[in-house]
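> Quick one, what's the 3D model for this:
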Amino acid sequence: MQAIPATRRAAEVLAVLAAMLVVGAGLGGAAPLGAITEFTAPGSNIAQVRAGPDGNLWFTDRAGKIGEITTSGAITEFSSGLNPGSQPFSLAVGRDGNLWFTDAGTTSAIGVLDPATHAISEFSAGLNAGSKPAGITLGPDGNLWFSDSSTTHPAVGTIDPATHAISEFSAGLNPGSSLAQGITTGPDGNVWFTDRGTTHAIASIDPATHAISEYSAGLLPASAPGAAITVGTDGNLWFVDVGAVGMINPATHAISEFPTGAGSVPGRIAVGPDGNLWFTDKGTTQAIASLDPVSHAITKYSSGLNAGSAPGGINTGPDGNIWFTDQGVIRAMGRAGVGAPDASLTPPSVTGTGGVNVAQSCGGDTWSSWAGRQPSRTAFGFDGYRWLLDGSAIAGATSASYTPTAADAGHLLSCTVTATYDLLDVTVSAASAAVPVKGAAEQLAELGDAVAGVGPGKSLAHKVAAIAADDTAEACADLVSFEHEVAAQSGKKLGTAQADSLLARAAGIEAALGC
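Residues are numbered from 1 along each chain as shown. Below you'll find the predicted structure:
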């Protein structure tokens with residue numbers, strides 16, 4: 001066993017300082033209720049926005065790009081891999097962690113973007129002739145379901161994220177159907193969508209049988225349900241309509257609508273972290289608005305919107321704000337505060353000795369309830385735990401515990417916890433502080449400090465000094481002798497807790513040495 005370097009203490013101090021720089025707190029950035037900020041996206045023709053599994057917001061740009069915006073407002077757009085004449089429209093996150101989108105451009109398609117590599121692929125085989133994919137959502141079967149707004153072959157379609165096989169279904173649609181972007185998975189396991197055709201309706205399709213049912217009773221006379229439908233905290237499905245926000249009970253199919261004011265033109269709708277329904281209004285008085293699902297009271301916020309604003313897509317972001325697209329004179333991405341707390345209340349921590357060959361645990365993380373719910377660590381494959389060494393992910397280390405190897409000694413170990421608020425379709429992460437991984441030499445030096453002046457005749461300190469000078473085989477034998485003396489002194493010259501601590505340290509050194 002090598003001698004302990006004299007610079008060990010300085011190295012540990014530097015390691016601790018480095019760890020302090022990697023502490024994961026809440027995602028931060030939650031703005032006060034109604035506070036609006038916009039970020040200009042020059043040259044864009046943006047449609048919908050969606051939180052990605054990477055902690056950023058993603059949006060479609062009908063000018064032929066997929067965009068990314070950080071929670072601080074930095075925008076990047078990607079187009080490589082899109083079809084010529086592409087017009088990306090709506091977005092959804094798949095169980096594979098990719099972003100799936102509809103493309104109603106020159107070559108209609110369903111597309112996918114890897115948020116890590118930004119690689120884009122598009123798929124058209126299986127789409128109906130004249131297809132115009134509009135909305136898209138993750139189905140209960142793990143497939144992506146989309147609405148097809150084709151004027152000749154309106155349909156609801158599905159794409160398998162693994163095989164990319166596309167199928168479309170029309171049987172059961174009302175004559176003269178015209179499907180819009182509104183589509184979502186309901187709490188009943190069906191896929192629900194909006195139909196603004198000849199007979200305006202809210203409709204559902206059974207993902208197993210593909211049976212379609214449409215419901216119109218209760219819609220306003222001038223109804224034209226369209227761009228969005230979502231599940232509320234009350235278990236009802238909420239949708240936007242002309243001058244109104246409506247809801248349908250998925251069990252009884254009872255429909256109610258709530259007018260949003262003279263000149264109002266609701267765009268899209270989403271559930272906020274506060275549990276209210278938030279929608280964009282591009283009408284006479286442009287606004288970001290909320291609707292209380294219990295009282296149905298509507299509140300509108302306009303201060304901070306750009307002049308000539310036309311808010312469109314909307315969804316909750318991982319920072320606890322509502323994010324929206326602005327299709328107005330100044331094309332932009334915007335955020336509005338809902339007064340929500342940060343998602344992460346307490347970041348995880350790495351617990352254990354920090355020693356080589358000893359399991360370390362990641363835990364202790366606590367989270368805010370958003371929309372009355374706690375996030376899930378198992379909703380998606382990308383949820384859960386991830387261990388990192390010097391800030392880089394360790395391959396295959398995705399459980400709540402990790403055992404450092406000898407090669408990890410001297411490096412910084414940390415962990416992250418990723419969780420998803422399933423009702424909001426928002427993924428959040430929190431990171432631990434980093435801790436130095438300690439080999440046998442580092443742990444032995446700490447043991448030496450712990451026994452300084454301890455035991456009759458300072459015998460424990462002498463034993464530790466002898467261990468440091470031995471080769472591995474002799475060190476293992478000396479550690480056993482050390483443990484025997486500590487056990488013998490427990491409750492006498494050593495307090496019980498002190499003895500237990502020393503025995504645990506000795507066991508850690510044995511693990512590091514492979515005794």
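
> quick one, domains of the protein?
Under automatic domain parsing, the residue ranges defining each domain of the chain are 19-24+342-436, 44-284, 440-513.

> Work out the gap between the first one and the centre of the chain.
Using C-alpha atoms, centre = their mean, to the nearest Å, we find the averaged C-alpha position of domain 19-24+342-436 to lie 14 Å away from the chain's own average C-alpha position.

> Go ahead and name everything in contact with stretch 467-484.
Taking contacts as C-beta atoms under 8 Å, 6 or more residues apart in numbering, the residues outside stretch 467-484 that touch it are 1, 3-4, 440-441, 444-445, 448, 460, 463-464, 466, 503, 506, 509-510, 513-515. Placement of C-beta: from N, CA and C, glycine included.

> Could you rerun that using 6 Å?
For stretch 467-484, the external contacting residues (C-beta atoms under 6 Å, 6 or more residues apart in numbering) are Met1, Leu444, Lys463, Ala466, Leu503, Ala506, Glu510, Leu513, Cys515.

> Distance from the chain centre to stretch 433-442, please.
Counting by C-alpha atoms, centre = their mean, stretch 433-442 comes out at 31 Å from the chain centroid.

> What is the end-to-end distance of it?
With C-alpha to C-alpha, to the nearest Å applied, stretch 433-442 spans 20 Å between its terminal residues.

> Now it: average pLDDT?
Stretch 433-442 carries an average pLDDT of 94.

> and what of stretch 398-416?
Rounded mean pLDDT across stretch 398-416 is 96.

> buried stuff in that stretch?
398, 400-402, 404, 408-409, 411-416 (16 or more other C-beta atoms under 10 Å).

> Likewise for stretch 105-122?
Buried-residue list, stretch 105-122, by 16+ other C-beta under 10 Å: Gly105, Thr107, Ser108, Ala109, Ile110, Gly111, Val112, Leu113, Pro115, Ile120, Glu122.

> The residue nearest the centre of the chain: what secondary structure?
Nearest to the geometric centre of the chain sits Thr427, at 1.3 Å (C-alpha atoms, centre = their mean). State at Thr427, reduced to three classes by DSSP: H, G, I helix; E, B strand; the rest coil: strand.

> what's the pLDDT at it?
96.

> Tell me if I'm right that it and Tyr421 touch.
No. Thr427 is not in contact with Tyr421 according to C-beta atoms under 6 Å; the separation is 7.9 Å.

> just the contacts of stretch 467-484: which has the poorest pLDDT?
Scoring the contacts of stretch 467-484 by pLDDT puts Met1 last, at 36.

> Okay, and Gln443 sits in which element?
helix 440-451 (DSSP states H and E).

> any chance you could map the helices in the chain?
8-20, 440-451, 459-469, 472-489, 496-513 (DSSP state H).

> give me the low-pLDDT residue ranges for the protein?
Residues of the chain meeting the criterion pLDDT under 70: 1-29, 455-458.

> report the longest strand in it, please.
Identified as the longest strand of the chain according to DSSP state E is strand 412-421.

> There's contact between Ala47 and Phe89 in this structure, I believe.
Yes. Counting by C-beta under 6 Å, Ala47 sits close enough to Phe89 to count as a contact (5.5 Å).

> can you list residues touching both of the two?
Shared contacts of Ala47 and Phe89 (C-beta under 6 Å, 6+ apart): Thr60.

> between the domains of the chain, which one is nearest to Asp319?
Among the domains of the chain, domain 44-284 comes nearest to Asp319, with 4.2 Å by C-beta to C-beta.

> What distance separates the opening and closing residues of that closest one?
The straight-line separation of the ends of domain 44-284 (C-alpha to C-alpha) is 23 Å.

> cool, stretch 79-88 as well?
10 Å.

> which residues touch it?
Contacts for stretch 79-88 (C-beta under 6 Å, 6+ apart): 60, 62, 64-66, 101, 103-107, 109, 120, 122.

> Same check on stretch 43-51?
57-63, 89-91, 313, 315, 317-318, 323, 325, 331, 426.

> Pull out the buried residues from that stretch.
Residues Ser44, Asn45, Ile46, Ala47, Gln48, Val49, Arg50, Ala51 are the ones in stretch 43-51 that count as buried (16+ other C-beta under 10 Å).

> Which pair in the residues you listed has the greatest spatial separation?
Asn45 and Ala51 (21.1 Å).

> Contacts only, for Asn143.
Thr158, Asp160.

> Thr60 versus that one, what's the distance?
Distance of Asn143 to Thr60, given as C-beta to C-beta, to the nearest Å: 20 Å.

> CSV please, covering the contacts of stretch 79-88 and showing distance to Gly232.
CSV is the format used below for the contacts of stretch 79-88 (distance: C-beta to C-beta, whole Å):
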residue, distance to Gly232
Thr60, 24
Arg62, 28
Gly64, 34
Lys65, 32
Ile66, 28
Phe101, 25
Asp103, 29
Ala104, 28
Gly105, 33
Thr106, 37
Thr107, 36
Ala109, 31
Ile120, 33
Glu122, 33
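
> Among these, which are located in strands?
Going by DSSP E, the strands hold Thr60, Lys65, Ile66, Phe101, Asp103, Ala109, Ile120, Glu122 from the contacts of stretch 79-88.

> And the furthest pair within those residues?
Most distant of these, by C-beta to C-beta, are Lys65 and Ala109, 14.8 Å apart.

> Contacts only, for Ser361.
Thr351, Gly352, Ser401.

> Distance check, the nearest residue to Asp292 once chain neighbours are set aside against Ile255.
Leaving out its chain neighbours, the residue that sits closest to Asp292 by C-beta to C-beta, 6 or more residues apart in numbering is Asn276, at 5.6 Å. Using C-beta to C-beta, Asn276 is found at 20 Å from Ile255.

> tell me the contacts of the residue nearest to Ala125 when sequence neighbours are not counted?
Of all residues not flanking Ala125 in the chain, Ile166 sits nearest, at 6.4 Å (C-beta to C-beta, 6+ apart). By C-beta under 6 Å, 6+ apart, Ile166 lies in contact with Gly126, Leu127, Ile159.

> Also Thr185?
Going by C-beta under 6 Å, 6+ apart, the list of residues near Thr185 reads Thr137, Gly139, Pro140, Val191.

> Nearest to Arg377 among those?
Pro140 (19.9 Å).

> how near is the closest one to Gly514?
49 Å.

> if I read this right, Ala336 contacts Ile288, doesn't it?
Yes. Using C-beta under 6 Å, Ala336 is in contact with Ile288, at 4.5 Å.
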